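>>> Need a 3D model of the following:
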Amino acid sequence: MSIINITKNSVQHSITNHIEVRHHFIRYHIEKGNIILEFVPSHLQLTDVFTTPLGEDQFNFIRNKIAMLKRDA
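Okay, the predicted model is just below:
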């Protein structure tokens, strides 16, 4: 959430001094409206299926969202 807030605030904060040029490139495109950042709650993070141990219900929810089909043995 804090990164999204920093990109929406055009004021240069002392905490943003260490941000690399590539991040300023992204910020430029956000200001121009080419990119929109949105918060995604953790239970809707589709990449968790590849990086996090999940319960069966959460795994099935994500699997259905990314259109993976259950393979019959």
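>>> Can you give me the neighbour number for the residue nearest to Leu54 when sequence neighbours are not counted?
Sequence neighbours aside, Asp48 is the residue nearest to Leu54 in space, at 6.3 Å (criterion: Cβ to Cβ, 6 or more residues apart in numbering). No exception for glycine: its C-beta is placed from N, CA and C like everyone else's. For Asp48, the neighbour count with other Cβ atoms under 10 Å is 15.
>>> following the lowest-mean-pLDDT helix or strand in the chain, which helix or strand shows up next?
With mean pLDDT, DSSP states H and E as the measure, the helix or strand of the chain carrying the lowest mean pLDDT is helix 2-8 (a mean of 66). Once helix 2-8 ends, the next helix or strand along the chain (criterion: DSSP states H and E) is helix 21-32.
>>> what's the spacing between the residue nearest to Leu54 and His23?
Asp48 sits 24 Å away from His23, taking Cβ to Cβ, to the nearest Å as the criterion.
>>> can you list the domains in this structure?
What automatic domain parsing lists as the domains of the chain is 2-32, 41-73.
>>> Confidence-wise, which of the ones you listed is weakest overall?
Taking each of the domains of the chain in turn, the lowest mean pLDDT turns up on domain 2-32, with a mean of 69.
>>> so who does His23 touch?
Contact analysis of His23 by Cβ atoms under 8 Å, 6 or more residues apart in numbering lists nothing.
>>> from now on call the first residue 25
Sure, I'll start numbering at 25, so the last one becomes His47.
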